[in-house]
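1. Got a predicted model here, sequence first, then my questions.
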Amino acid sequence: MASLRERNRRSTMEHIQDVAFNLFEEKGYRAVTITEITQAAEVAPSTFYRLFQTKEGLFTALPTDEDLDLGSVRLEHLVRDLRGLVAGNDWRGLKWVIEEPDVRCAVLATLDQLSAQLIAALVQQGNDPLRTAVEVRSLVFGVYFTSLEQWHSGGRRNSFDTYFSQALALEKS
């Protein structure tokens, strides 16, 4: 269970993200400054920089190590676990992840870092390094991220799982 300090940190992060996304919707991503975000969120700029470092960090802020239990991940459960990442997520920031090159680059770099950590954890469990790297990266970048793009560009009319299943079937063929 997260400590009070960690719960407060998460709450502050969510508040700042919510305020920022409202400003992005109102003015456009590029027109909004960090100063505007901190003023609207009523937080000190140092709080923003401590939590996010950059404006793109609003989209890449990672969970704490206690949220990322890489030791419990199994290669045979990757597809299920990737599907689970979407469940319960409103993906409010997805528009900017897909449409803003700086945000997209930052998110892809973060996914690359997470993939490397995941691969290392799976190899440590005794999985073949090459097979693990190919499987993790093809699922994360080839199936998962592409499915998010298609889901977004399709107006989210169909479920994410529809796109994920289609991409997964193509990857396996």
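-> Nice, thanks for sending it over.

2. can I see the domain layout of the chain?
-> Domain assignment of the chain by automatic domain parsing yields the ranges 1-58, 68-173.

3. Adding mean pLDDT, write the ones you listed out as a markdown table.
-> Converted to a markdown table, the domains of the chain look like this (pLDDT from 0 to 100):
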| stretch | mean pLDDT |
| --- | --- |
| domain 1-58 | 94 |
| domain 68-173 | 85 |
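
4. Same list, those domains, but as JSON lines with mean neighbour count please.
-> In short, each C-beta sits where N, CA and C put it, glycine included. Listed next are the domains of the chain as JSON lines, based on neighbours: other C-beta atoms under 10 Å:
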{"stretch": "domain 1-58", "mean neighbour count": "15"}
{"stretch": "domain 68-173", "mean neighbour count": "15"}
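
5. Residues in contact with stretch 146-159: which ones?
-> Residues outside stretch 146-159 that contact it (C-beta atoms under 8 Å, 6 or more residues apart in numbering): Val86, Trp91, Leu94, Lys95, Val97, Ile98, Phe160, Tyr163, Phe164, Gln166, Ala167.

6. Now for those residues: which two are most distant?
-> Pairwise distances across the contacts of stretch 146-159 (C-beta to C-beta) peak at 21.6 Å, for the pair Lys95 and Gln166.

7. pLDDT score for the most centrally placed residue in the chain?
-> The centroid of the chain falls nearest to Thr60 when counting by C-alpha atoms, centre = their mean (6.0 Å). Looking at Thr60, its pLDDT stands at 88.

8. Now do the closest residue to it other than its chain neighbours against Ala31, distance only.
-> Among residues not flanking Thr60 along the chain, Thr110 sits closest, at 4.2 Å (C-beta to C-beta, 6 or more residues apart in numbering). Applying C-beta to C-beta, to the nearest Å, the value for Thr110 to Ala31 is 24 Å.

9. same thing with Glu42?
-> 20 Å.

10. now swap in Gly84 and tell me
-> For Gly84, the distance to Ala31 - C-beta to C-beta - is 35 Å.

11. Once you drop chain neighbours, what's closest to Pro45?
-> With C-beta to C-beta, 6+ apart as the criterion, Pro45 has its nearest non-adjacent residue at 4.9 Å, and that residue is Thr38.
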